[in-house]
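Asks: Sequence and predicted structure are below.
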Amino acid sequence: DTEVTQTPKHLVMGMTNKKSLKCEQHMGHRAMYWYKQKAKKPPELMFVYSYEKLSINESVPSRFSPECPNSSLLNLHLHALQPEDSALYLCASSRLGVTNTGELFFGEGSRLTVL
Amino acid sequence: AQSVTQLGSHVSVSEGALVLLRCNYSSSVPPYLFWYVQYPNQGLQLLLKYTSAATLVKGINGFEAEFKKSETSFHLTKPSAHMSDAAEYFCAVSDRSGGSNYKLTFGKGTLLTVNP
């Protein structure tokens, strides 16, 4: 069982739709991440939140909008996506501070298809 | 900058045979190293990690890896492959990237196939 929960598991949307991906963790981690993964490729970092503040944005197009309402929740708002944005979107969390080794705890992912 | 090289994008073994997945890293500081496994349509699951304690690290599902600083390697092994080991395996190195943030750099992955 994963301790990082992502919903929905599958999402199909048109290019004019607005949708959101949600992620929740209850491990007390203060860093949360969004990754994008295309087939047969490693995950690519999109955003990092530390203490609920955006700390890393890897030059992601503005049609992806992250939000961190509190220390347990992370959202990814999607608008006007392109078919090439179809991918597996992974949420992850990690500790911060002296105990941090960089280990990430991943959710099961949300499979997004853009038509 | 950190980097990870996984030798062999696809490794095929027979059930019961030794599994060896290779990973080499480059790092300007002592690294933290990880192996993750990904089954089809699932997220990444941590197999094991090296965090500067013992150089031989044991993980889940019978896997282990040895950190060799002189060879900048962190190869993953399992003495006897099982059909359920078929998956994609990612080696990763962590990189402190400003403040207390860590950024994982992943290798390109190795697909392990296990033949009956």
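Replies: Received the coordinates, thanks. Numbers count the residues shown, from 1 in each chain, chains lettered A, B, ... in the order given.
Asks: okay, now the residue nearest to B:Ser52 when sequence neighbours are not counted: neighbour count?
Replies: Distances taken as CB to CB, 6 or more residues apart in numbering or on different chains put B:Pro30 closest to B:Ser52, at 5.9 Å, once the chain neighbours are dropped. (Glycine included, C-beta is placed from N, CA and C.) For B:Pro30, the count of nearby residues is 11 (other CB atoms under 10 Å in any protein chain shown).
Asks: can you check B:Leu21 too?
Replies: Neighbours around B:Leu21, by other CB under 10 Å: 24.
Asks: and what of A:Leu54?
Replies: Other residues close to A:Leu54 by other CB under 10 Å number 12.
Asks: B:Ser73 is in contact with B:Ser26, isn't it?
Replies: No: the criterion here is CB atoms under 8 Å, and B:Ser73 misses it with B:Ser26 at 11.1 Å.
Asks: More neighbours: those two, which one.
Replies: Taking other CB under 10 Å, B:Ser73 and B:Ser26 do not tie; B:Ser73 has more neighbours (18 against 13).
Asks: any idea how far the more buried one is from chain A?
Replies: Distance of B:Ser73 to chain A, given as CB to the nearest CB, to the nearest Å: 19 Å.
Asks: That residue bridge partners, please.
Replies: In this entry, B:Ser73 is beta-bridged to B:Asn24, B:Lys68, by DSSP bridges.
Asks: sec struct for residue 54, please.
Replies: With no chain named, the answer covers chain A. Taken by DSSP: H, G, I helix; E, B strand; the rest coil, the conformation at A:Leu54 corresponds to strand.
Asks: Switch to chain B, please.
Replies: Per three-state DSSP, the local secondary structure of B:Ala54 is coil.
Asks: Please identify the helix or strand for the residue nearest to B:Ser52.
Replies: Of the helices and strands defined by DSSP states H and E, none includes B:Pro30.
Asks: Look up how far B:Thr110 lies from the residue in chain A positioned nearest to chain B.
Replies: Residue nearest to chain B within chain A (CB to the nearest CB): A:Gly102, separated by 2.6 Å. Per CB to CB, to the nearest Å, A:Gly102 is found 21 Å from B:Thr110.
Asks: These two: which has the busier surroundings?
Replies: Under the criterion of other CB under 10 Å, the comparison of A:Gly102 against B:Thr110 puts A:Gly102 first, with 24 against 20.
Asks: Counting neighbours, what do you get for A:Ser72?
Replies: 16.
Asks: Please read the previous query as pertaining to B:Ser94.
Replies: 23.
Asks: how much space between the closest residue to it other than its chain neighbours and A:Val48?
Replies: Using CB to CB, 6+ apart and skipping the chain neighbours, the partner closest in space to B:Ser94 is A:Gly102 (2.6 Å). Relative to A:Val48, A:Gly102 is positioned 12 Å away (criterion: CB to CB).
Asks: where does chain A dip in pLDDT?
Replies: A:1-2 (pLDDT under 70).
Asks: so who does the residue nearest in space to the middle of it touch?
Replies: Central residue of chain A (CA atoms, centre = their mean): A:Trp34, 2.8 Å from the mean position. For A:Trp34, the contact set (CB atoms under 8 Å, 6 or more residues apart in numbering or on different chains) comprises A:Cys23, A:Leu45, A:Met46, A:Phe47, A:Phe64, A:Pro66, A:Leu74, A:Leu76, A:Tyr89, A:Leu90, A:Cys91.
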